[in-house]
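Colleague: Got a predicted model here, sequence first, then my questions.
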There are 2 protein chains.
Amino acid sequence: MAGEIKLLDFFLDHLKEILYPEEWIDLDLELSKSQILAMLIVDRHGEVIMSEIADYLNIPLSTATGIINRLVNKGYLLRERNESDRRIVSIQLTEAGQALVAGIKVTINEYVERIDRLLTEEEREMLMRVFIKVIEALNREKEPDIKQPETSVKKIEIE
Amino acid sequence: MAGEIKLLDFFLDHLKEILYPEEWIDLDLELSKSQILAMLIVDRHGEVIMSEIADYLNIPLSTATGIINRLVNKGYLLRERNESDRRIVSIQLTEAGQALVAGIKVTINEYVERIDRLLTEEEREMLMRVFIKVIEALNREKEPDIKQPETSVKKIEIE
DNA sequence: TAAAATACTTCCTTGCTCGAACTATTGGGT
DNA sequence: ACCCAATAGTTCGAGCAAGGAAGTATTTTA
C-alpha cells in the first residue's frame, strides 16, 4: 500500500519528465522526434517503403507522408517509385542523410553511456527487465489478440 | 563493455516507446499531453499565474497562452486578471475542470497500479532510485549552476 | 515623470496528427 | 478481357503545440 502511494506520487511528480523525454536528451537540433525515428528506421532497414515506415512508427500513412516529405526536402532522404509495382514508394538515405544518422547515433551513444556510467550492473539489468516487462504488459492489454508480442531485446549491429 | 552495447541496443530498439510514452498510456482522449500537465499543475497549486505555468512546463509564455486558451474555451479553466496587479492573470479550475482532473488522476492511478503489480518491492525501489539518479544527472549537466536540484520525491496528497 | 521592467497576448511560421477523400496501380474472379 | 476490390500513397483541411518577434498594459525605479 505504502509502496503504491509512493509510486503514484512519483509518477505525478515526474509526469513532465516522463511525458517529454526528448527534453532529457537534446537529440538533435535539426530534426524532430518523429524525423529522427524515421531516419533511424530507414538507416536500419536500408530501403523501406512508406507502409513500413508508417507501421514501425505506428502512424497513419498520411502522417508518414508529411514526415518523409520534410526529410526529402531537407535532402536527407530519397523517394522513388518502385518500377515493378508502381504503387509502391521506397525511401532511402542520401549521403547527407547517412552522415546525419551517424551523428545522431553518436549522440545517442553518448547519452546512453552517460546513463550507463550511473548504473551498477545490477541496476542496468533490472532496468531493462522492468522496462520490457512494463511495455509488454501494456501492449498485451491494448491488443489482447493477434501475433506474438515479440518485444524481447533484439540485437542490432552497431558500426 | 558488453553491458554498454546491450544498453545502446536497448535504447535504439525502444526509441519509439521511449520518445512517445503517452502511447503507453491512453491518459485521456479529451486532452493533449500539455493540456493534462497544465490541468494537473493548476490542480496542485489551486490558483496559478501564467508565468508559473510557463515555468513549470518549461515553455515560453506564448505557448502557455495557447494551451490555457484552449482549456478555457473548453470550460475547464477560469482566467481572471489580478486586481492588485493588473498585469497578472491567474488561472483556476472550473467545476468541470475539477471533475476532469479527478478523472485523470483515477486513470493515472489505474495505470500506476497496473505497473506496480508487475514489480517486486525491490524492483519498484530500484526503478525510482534509478529514474531520479538519471534525471538529476542529466539536469545537472544541462545547467551546472543556480539553485539546488530539488528533484527528490515530494509527497503530494491525493484525494 | 520618463524609462525600464514585468506579465501577458497576438501574430506568424513550422511541424505533427488524423480522418476523409482522392489517385493510381495491381490482382482476382468470372 | 473486363470489372471490382484491394493496395499504396498523396492531398486536404482542421486542431494542437512550439517558439520567436513584436505589441499592449501595467507597475516599478531612478
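Modeller: That came in fine, so what should we check first?
Colleague: Scan the helices and strands of chain A for the one with the lowest mean pLDDT.
Modeller: Lowest on mean pLDDT, DSSP states H and E among the helices and strands of chain A sits helix A:2-13, with a mean of 64.
Colleague: ok, the residue most central in space within chain A - contacts?
Modeller: Closest to where the C-alpha atoms of chain A average out (Cα atoms, centre = their mean) is residue A:37, at 4.8 Å. Residue A:37 is in contact with A:56, A:57, B:15, B:16, B:19, counting by Cβ atoms under 8 Å, 6 or more residues apart in numbering or on different chains. All C-beta atoms are positioned from the backbone trio N, CA, C, and that covers glycine.
Colleague: buried stuff in the top helix by length along chain A?
Modeller: If you go by DSSP state H, chain A has its longest helix at helix A:95-118. Using 16 or more other Cβ atoms under 10 Å in any protein chain shown as the test for burial, helix A:95-118 gives A:97, A:100, A:101, A:104, A:105, A:108, A:109, A:111, A:112, A:115, A:116.
Colleague: now do stretch A:79-98
Modeller: A:89, A:90, A:91, A:92, A:93, A:97.
Colleague: With DNA strand C in mind, check whether the helix or strand hosting the second one reaches it.
Modeller: In this case it means residue A:90. Secondary structure assigned from DSSP states H and E places residue A:90 in strand A:89-93. No: using Cβ under 7 Å from any atom of the strand, strand A:89-93 never reaches DNA strand C; the gap is at least 10.6 Å.
Colleague: helices and strands around that strand, which ones?
Modeller: Applying 3 or more Cβ pairs under 8 Å, 6 or more residues apart in numbering or on different chains; DSSP states H and E, we find strand A:89-93 packed against helix A:33-45, strand A:48-49, helix A:50-57, strand A:77-81.
Colleague: Tell me how far the nearest residue to residue A:79 once chain neighbours are set aside lies from residue B:59.
Modeller: Excluding the flanking residues, the one nearest residue A:79 by Cβ to Cβ, 6 or more residues apart in numbering or on different chains is residue A:72, at 5.2 Å. Shown here: residue A:72 relative to residue B:59, a distance of 30 Å by Cβ to Cβ, to the nearest Å.
Colleague: Residue A:63 too?
Modeller: According to Cβ to Cβ, residue A:63 stands 23 Å off from residue B:59.
Colleague: and the two? which has more neighbours close in?
Modeller: Between residue A:63 and residue B:59, counting by other Cβ atoms under 10 Å in any protein chain shown, residue B:59 is the more crowded of the two (18 against 14).
Colleague: Secondary structure of the more buried one: a helix, I assume?
Modeller: No: under DSSP: H, G, I helix; E, B strand; the rest coil, residue B:59 sits outside any helix and is assigned coil.
Colleague: which residues does it contact?
Modeller: So residue B:59 contacts B:34, B:67 (Cβ under 8 Å, 6+ apart).
Colleague: Phi, psi for it please.
Modeller: Backbone geometry at residue B:59, expressed as degrees, to the nearest 10, gives phi -130, psi 160.
Colleague: Same question for residue A:120.
Modeller: According to degrees, to the nearest 10, residue A:120 has phi -80, psi 160.
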